[in-house]
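Undergrad: 3D, please:
(2 chains)
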2 protein chains.
Amino acid sequence: MVRVGTAFAPSNIALCKYWGKRDTNLNLPVNSSLSISLGNKGAVTKVSVNNIDQVILNNNLISEQNNFYKKIVSFLNLLRDQNVLTNKKMFFKIDTYSNLPIAAGLASSASGFAALVKALDQLFNWDLSLKQLSILARLGSGSASRSLWNGFVKWHAGIKEDGTDSFAEPIDLVWPELCVGLLVVDNQEKYISSREAMQISVKTSPLYYAWQQLATKDLNTLETSIKIKNFSLFGATAEANALAMHAIMLSSRPAIIYSNSNTISNIKKIWKLRHHDNINLYFTQDAGPNLKLLFLYKDFAIVKEAFPELELIRPFAVEVEKR
Amino acid sequence: MVRVGTAFAPSNIALCKYWGKRDTNLNLPVNSSLSISLGNKGAVTKVSVNNIDQVILNNNLISEQNNFYKKIVSFLNLLRDQNVLTNKKMFFKIDTYSNLPIAAGLASSASGFAALVKALDQLFNWDLSLKQLSILARLGSGSASRSLWNGFVKWHAGIKEDGTDSFAEPIDLVWPELCVGLLVVDNQEKYISSREAMQISVKTSPLYYAWQQLATKDLNTLETSIKIKNFSLFGATAEANALAMHAIMLSSRPAIIYSNSNTISNIKKIWKLRHHDNINLYFTQDAGPNLKLLFLYKDFAIVKEAFPELELIRPFAVEVEKR
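TA: Now for the predicted structure:
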């Protein structure tokens, strides 16, 4: 009988973004970041020993040319090279299923790698701590380090060269009213990977050196806003941090613009609702054209009316149901 | 008989942008800037002594609530307060006519104020030098300091508190093949004045402190590119400088986005023409949604085919005709 490791990990959305690496091989970030996990939205990954490396995403066998395949195999190679695995010639079948729209740009690396390391842990009975799994997931994809927990999660940049102090941990605060609305404005593949884009920013943006300090300040403000449940401060800081990241990209040479015309018109629509109609609505945007709206559940009806195509996610819904 | 002063001044487009003041009353900039004047495109201004201040723009009497009116009258007040005028209670009729589309956002302050100071010089027989007129025009609108000359013009930021070293001067180099294409994507009035927007940037953008150094470097690169007639270097630097200015705005808190959805789709179209079709086409963008395309005359036909609504301006056409 083939042994299988199976695990689920949630997707996460950074509220204070990760942008730029101090070590590209170990995925060590320049700055600490803070995210919200998306509850039961994420990826289930099954892993089993196989005669070759095979990657299946949402029931489709992924070609060797695909970026997702390459990322997973280079992660497996890292494990094989570092003798993490018992047998250096061991290969795997990795079967990932995401319950988020692929097009949202959320079904990708973070939850997939976090679920993969949990599944490997199960398969090999490593019995690693979540902190250790966070470090391992980070090697696959930086933001995956944050997908080991639900709720708010903080990824410490760390300072060590070997990356042993660069892991995430949960923030022990809940905010049941908090809503994330996925707004898919374009379902095409991004024209440049975030991995590549952040390298261009680090190397060429004359504004990049301001990023680390800015992110540190935003992260502190976000933590405070969560503690005191100040949603305006929370939303404004998350939105400003995302736009600062996009500003860094815009000032890169060549410039990187993930927004398309729909992104811009939706941003202006959000601003109009906030400034003219006094709706407490903010957004964040990752390395892609789609937007993630931030609001409280009491405003859901009005937000949904303005954006009928919105997919509602309640990160703390599980906790809410438990109460 | 009523004496009248009449003068023309060209509009100008900054290739290295002016963004941020070190003195808001005297319009003293944080950084030096470099522009290209638009030849015979600009404003003719007539000025005469009147019993009240009156401003006429393109044959329309401008209301006292209008920003253009306010800007001109506060400039006249400055002259009256500083005893520049012989009579402190002197009022004026100012009649400005622009031959550029108002909607292009180019018919505004720069050429208007430059033409006004030239007309006042004529009216009062001041016989000021162009350098002195540049300082005077700067008091009306910063970028007006650059509209006293044709061709490439450099505005020295200066370091003195009284602004006597903050004036523009021409760069003695011509580039007859150089074309500027006006692409009007929106003819609505800007939602925030550049005067206000740059103040917000200076005060709130965590990236602003990098701007001065960046602009200094870009200005030097632009001057070099003009000297050696390296159009790719010229276009890439102007475009990157404009995007860096917009990055500063995007990182301001609250963020400022002048682009609309048409701006973004046109930027992507320009990039596609450059990267996929190898057209040597670049753009610059000011505090508004419209784009100014930069290319050489040999590529005009292909650029016009891609952007049929483009208005062609040849800044050195007069010089070309003279040869």
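Undergrad: Give me the helices and strands touching the strand ranked longest in chain A, please.
TA: Across chain A, the longest stretch assigned as strand under DSSP state E is strand A:33-50. Judged by 3 or more C-beta pairs under 8 Å, 6 or more residues apart in numbering or on different chains; DSSP states H and E, strand A:33-50 is in contact with strand A:4-16, strand A:91-98, helix A:109-124, strand A:152-155, strand A:178-183, helix A:211-227, strand A:311-313, helix A:317-322. (Each C-beta comes from the backbone N, C-alpha and C, glycine too.)
Undergrad: Tell me which helix or strand comes right after the third one.
TA: Okay, so that is helix A:109-124. Toward the C-terminal end, the helix or strand that comes next after helix A:109-124 (DSSP states H and E) is helix A:130-140.
Undergrad: what's the angle between that following helix and helix A:109-124?
TA: In terms of direction (axes from the mean of the first three to the mean of the last three C-alpha atoms, to 10 degrees), helix A:130-140 departs from helix A:109-124 by 120 degrees.
Undergrad: returning to what we had before: quick one: buried residues of the helix or strand just after the longest strand of chain A?
TA: For strand A:33-50, the following helix or strand on the C-terminal side (DSSP H and E) is strand A:54-57. By 16 or more other C-beta atoms under 10 Å in any protein chain shown, the buried positions in strand A:54-57 come out as A:Gln54, A:Val55, A:Leu57.
Undergrad: Show me what strand A:54-57 is packed against.
TA: By 3+ C-beta pairs under 8 Å, 6+ apart, strand A:54-57 packs against helix A:67-81, strand A:91-98.
Undergrad: pLDDT (mean, whole number) over that strand?
TA: Regarding strand A:54-57, the rounded mean pLDDT is 94.
Undergrad: Paired strands for the next helix or strand after that strand, with orientation please.
TA: Per DSSP H and E, strand A:54-57 leads on to strand A:60-61 as the next helix or strand towards the C-terminus. The strands that strand A:60-61 pairs with in its sheet are strand A:54-57 (antiparallel) (by DSSP bridges).
Undergrad: Contacts only, for the residue nearest to A:Val202 when sequence neighbours are not counted.
TA: Spatial nearest neighbour of A:Val202, excluding adjacent residues (C-beta to C-beta, 6 or more residues apart in numbering or on different chains): A:Gly20 at 4.5 Å. Residues in contact with A:Gly20 (C-beta atoms under 8 Å, 6 or more residues apart in numbering or on different chains) are A:Pro29, A:Val30, A:Asn31, A:Met198, A:Ser201, A:Val202, A:Tyr208, A:Trp211, A:Gln212.
Undergrad: Format those residues as a markdown table; extra columns: pLDDT.
TA: Listed next are the contacts of A:Gly20 as a markdown table, based on pLDDT from 0 to 100:
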| residue | pLDDT |
| --- | --- |
| A:Pro29 | 97 |
| A:Val30 | 96 |
| A:Asn31 | 97 |
| A:Met198 | 95 |
| A:Ser201 | 96 |
| A:Val202 | 96 |
| A:Tyr208 | 95 |
| A:Trp211 | 95 |
| A:Gln212 | 94 |
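Undergrad: tell me which of the residues you listed is nearest to B:Gly181?
TA: Proximity to B:Gly181 was ranked across the contacts of A:Gly20 by C-beta to C-beta; first place goes to A:Ser201, at 29.6 Å.
Undergrad: and that closest one, what element?
TA: Here A:Ser201 is assigned to helix A:194-204, by DSSP H and E.
Undergrad: What is that helix packed up against?
TA: Packing contacts for helix A:194-204, counted by 3+ C-beta pairs under 8 Å, 6+ apart, involve strand A:21-23, helix A:231-250.
Undergrad: Can you tell me which residue of chain A sits closest to chain B?
TA: A:Ser261 (3.4 Å; C-beta to the nearest C-beta).
Undergrad: Report whether the expected contact of that residue with B:Ser265 is present.
TA: Yes: counting by C-beta atoms under 8 Å, A:Ser261 does reach B:Ser265; the two are 4.6 Å apart.
Undergrad: Apart from its neighbours in sequence, what residue is nearest A:Ala244?
TA: A:Ala244's closest residue in space is B:Ser251 (C-beta to C-beta, 6+ apart), at 4.5 Å.
Undergrad: For burial, what's the neighbour tally of that neighbour?
TA: Look at B:Ser251: counted by other C-beta atoms under 10 Å in any protein chain shown, it has 29 neighbours.
Undergrad: same deal with A:Tyr209?
TA: A:Tyr209: 13 surrounding residues under other C-beta under 10 Å.
Undergrad: does it sit in a helix, a strand or a coil?
TA: Assigned state for A:Tyr209: helix (three-state reduction, DSSP: H, G, I helix; E, B strand; the rest coil).
Undergrad: Tell me the pLDDT of the nearest residue to it once chain neighbours are set aside.
TA: Sequence neighbours aside, B:Ala210 is the residue nearest to A:Tyr209 in space, at 7.0 Å (criterion: C-beta to C-beta, 6+ apart). The model reports B:Ala210 with a pLDDT of 94.
Undergrad: so what's B:Ala210 up against?
TA: Counting by C-beta under 8 Å, 6+ apart, B:Ala210 makes contact with A:Pro206, A:Leu207, A:Tyr209, A:Ala210.
Undergrad: what's the farthest-apart pair in those?
TA: So, the contacts of B:Ala210 by C-beta to C-beta: farthest apart are A:Pro206 and A:Ala210, at 9.6 Å.
Undergrad: re earlier: so what are the sheet partners of the longest strand of chain A and their directions?
TA: Sheet pairing for strand A:33-50, using DSSP bridges, gives strand A:4-16 (antiparallel), strand A:91-98 (antiparallel), strand A:152-155 (antiparallel).
Undergrad: chain center to that strand, what's the gap?
TA: Mean-position distance between strand A:33-50 and its chain equals 10 Å (C-alpha atoms, centre = their mean, to the nearest Å).
Undergrad: Equivalent analysis for stretch A:90-104, please.
TA: 15 Å.
Undergrad: and stretch A:283-298 with chain B, contact?
TA: No: using C-beta under 8 Å from any C-beta of the partner chain, we find that stretch A:283-298 stays clear of chain B, coming within 9.7 Å at best.
Undergrad: For the helix holding A:Ser201, output the C-alpha coordinates as CSV.
TA: Provided in CSV are the C-alpha atoms of helix A:194-204 (Å, rounded to 0.1, in the frame of the first residue of the first chain):
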residue,chain,number,x,y,z
SER,A,194,6.6,38.2,-8.2
ARG,A,195,9.9,36.5,-7.6
GLU,A,196,11.4,38.1,-10.7
ALA,A,197,9.7,41.5,-10.1
MET,A,198,10.9,41.9,-6.5
GLN,A,199,14.5,41.2,-7.7
ILE,A,200,14.2,43.9,-10.3
SER,A,201,12.9,46.3,-7.5
VAL,A,202,15.7,45.5,-5.1
LYS,A,203,18.3,46.0,-7.9
THR,A,204,17.0,49.0,-9.8
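Undergrad: and it, which residues are buried?
TA: Buried residues in helix A:194-204, counted by 16+ other C-beta under 10 Å: A:Ser194, A:Arg195, A:Ala197, A:Met198, A:Ile200, A:Ser201, A:Val202.
Undergrad: Who are the contact partners of the third one?
TA: A:Ala197 makes contact with A:Met249, A:Ser252, A:Ile256, A:Tyr258, A:Ala287, according to C-beta under 8 Å, 6+ apart.
Undergrad: can you check A:Arg314 too?
TA: Going by C-beta under 8 Å, 6+ apart, A:Arg314 touches A:Gly39, A:Pro176, A:Leu178, A:Cys179, A:Val180, A:Tyr297, A:Val320.
Undergrad: Just the buried ones from these?
TA: A:Gly39, A:Pro176, A:Leu178, A:Cys179, A:Val180, A:Tyr297.
Undergrad: so which strand or helix has the second one?
TA: What it means is A:Pro176. Applying DSSP H and E, one finds A:Pro176 in no helix or strand.
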